[in-house]
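In: Sequence first, predicted model second:
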Amino acid sequence: MRSSLFNFALPEELIAQKPAKTREASALLVFDRKSGKRRFEKFSAIGKYFKKGDVLVLNDTKVIPARLRANRKSGGKVEIFVLRQCGEHEQNLWECLIKPLKKVKIGETLIIKDPLQCEIAEKTEGRAIVRFSGEVKDILASHGKIPFPPYIHEAKQDPSRYQTVFAKNEGAVAAPTAGLHFTKKILSALQKKGVEILFITLHTGFGTFTPLRGNTIEEHRMDEEFFTIPEQTARGVNRAIAEKRRVFACGTTVARTLESNARKKNGVMTALHGSGLTSMYIRPPYKFKIVKALITNFHTPLSSLIVLVSAFAGRKNIMECYAEAVKRRLRFFSFGDAMLIL
C-alpha cells in the first residue's frame, strides 16, 4: 500500500500548541464502524458510549524529564534527549538524541552541571550512545525538562498537562496522548456505571514521532518499546473476551500492547501477561483480536499511528473523519481533540 494514501492536508493553525482549558473540554468525534455514522461531542460526554461490563484499558506510563542541556568544553551548547538505557552491564549507558550531533565527537565530554558530565561513547544512525557520570534517574530529576513533541512551539507549558491523571510508572519520553483527556471524575463515573478499568504500561518512545519510512507502508519499521501487562489486567481482559464484553483501548499504545500479546488458548483468544519489548506495527489488513473500541487523538499525516487507526476503522473512513475534523476546525496531535471509534 502506498504511503501517500495516508497523507492529508492539515492547516498549521490546527496543530494544537496548548491543551484545552480543562482535560474534558476537548472535542470528541465518535465514529461507529457498523453504521458509518459520525457524531460530535465534548470528551466529557464519553461515558454515555460505555455500558456495564465494558473494560477500559489505560496506559499508566509516566513521561520522564528526558531533555537535558549541556555545554561543550569549547563553550558550545548541546541539547541531550535521553531515550532509553542500552547497557545491560553498565547502568549509566543510554541511547540519546544530541543536538548538534554532527559537531560532537566520539570520546568528547559534555558538562551538564559541574561535576555532572557525560561522554559520547558511540554514534549510530542519527543517535548517540552516551555514558553518564552519575545515576541517570537522579540527573534527570534534578536537571531534566519534560520533552514536549517537536511540533509544539509554544514555550510556556504546564508539564502536568503532558501527563495523564493516572501516570505512575516512569519511562516514557512521549505521553500516551489519548489518556490526557480523562479526569478522575470521568473515570470514577465509568466505574460507578460498571465499567472495569485496567492498566498496562508501555513506555512510549521517540519513534512515535517518526514518519513512515519508504514509499509503501510495508517498508516501515517500529522501534522497540518496553511494556508490562499485569496478571490482573490479562485476567480482566480474558474474562471480558470469554463473556463477549467489549474491550476499549485508550490509545494506540494500549492497542499495540494488547494485540502483540494476543494468543489463542484452547480455541479462545487471550491476552498474555508479562513484560518485554514490542515493535509491533499494525497496518491494513490487520484484523484486531482483542480491541473492540479505540480512543485516540488525531494523528500526523504519513505516520504509523494513522496507519494503525486505518487498520481498525478502514482507511477511507478515517480519511473522511479527518476531512470533517479539519472542516470543523478540530485540534490535532498531542494536545488536540479525540476520536472514539466503536
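Out: Everything's here; your move. Model, not experiment: these values are computed from the prediction.
In: pLDDT weak spots in the chain?
Out: Within the chain, the stretches falling below the threshold (pLDDT under 70) are 87.
In: tell me the domain ranges of it?
Out: The domain map for the chain lists 3-63+157-341, 67-143, with the assignment taken from automatic domain parsing.
In: pretty sure Ile98 is touching Val82, no?
Out: No. Under the contact definition of C-beta atoms under 8 Å, Ile98 does not touch Val82, with a separation of 10.4 Å. No exception for glycine: its C-beta is placed from N, CA and C like everyone else's.
In: Which one of those two is surrounded by more residues?
Out: In this view Ile98 and Val82 are compared by other C-beta atoms under 10 Å, and Val82 has more residues nearby, 25 against 21.
In: Quickly find the element holding that one.
Out: Under DSSP states H and E, the secondary-structure element containing Val82 is strand 77-85.
In: In stretch 252-263, which residues are buried?
Out: By neighbour count, and taking 16 or more other C-beta atoms under 10 Å as the criterion, the buried residues in stretch 252-263 are 252-262.
In: for stretch 198-215, same thing?
Out: Neighbour-count burial for stretch 198-215, counted by 16+ other C-beta under 10 Å, picks out 198-209, 212.
In: same thing with stretch 50-62?
Out: 50, 54-62.
In: and the residues you listed, which of them are in strands?
Out: Filtering those for membership in strands, criterion DSSP state E, returns 55-59, 61-62.
In: now the helices for the stretch 101-250 of the chain?
Out: Taking DSSP state H, counting those that start in this stretch as the test, the helices found in the stretch 101-250 of the chain are 136-143, 184-193, 231-242.
In: Show me the residue sitting in the middle of this protein in space.
Out: Pro176 (3.7 Å; C-alpha atoms, centre = their mean).
In: partner residues bridging Asn56?
Out: In this structure residue 56 is Leu, not Asn. When bridges are called by DSSP bridges, Leu56 pairs up with Ile197, Phe248.
In: what's the answer for Leu68, then?
Out: Ile80.
In: rewinding a little: which ones among the buried residues of stretch 198-215 are found in strands?
Out: Here DSSP E is the test, and the buried residues of stretch 198-215 give 198-202 as lying in strands.
In: could you dump those to TSV with distance to Arg328?
Out: As requested, these are exported to TSV (distance: C-beta to C-beta, whole Å):
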residue	distance to Arg328
Leu198	33
Phe199	33
Ile200	32
Thr201	34
Leu202	31
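In: And Tyr49, how far from Leu110?
Out: Tyr49 sits at a distance of 50 Å from Leu110 (criterion: C-beta to C-beta, to the nearest Å).
In: actually Leu97, not the one I typed
Out: Summarising the geometry, the distance separating Leu97 from Leu110, computed by C-beta to C-beta, is 13 Å.
In: Redo the ones in strands among the buried residues of stretch 50-62 as JSON lines? Include distance to Tyr151.
Out: Listed next are those as JSON lines, based on distance: C-beta to C-beta, whole Å:
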{"residue": "Val55", "distance to Tyr151": "33"}
{"residue": "Leu56", "distance to Tyr151": "28"}
{"residue": "Val57", "distance to Tyr151": "27"}
{"residue": "Leu58", "distance to Tyr151": "24"}
{"residue": "Asn59", "distance to Tyr151": "21"}
{"residue": "Thr61", "distance to Tyr151": "21"}
{"residue": "Lys62", "distance to Tyr151": "22"}
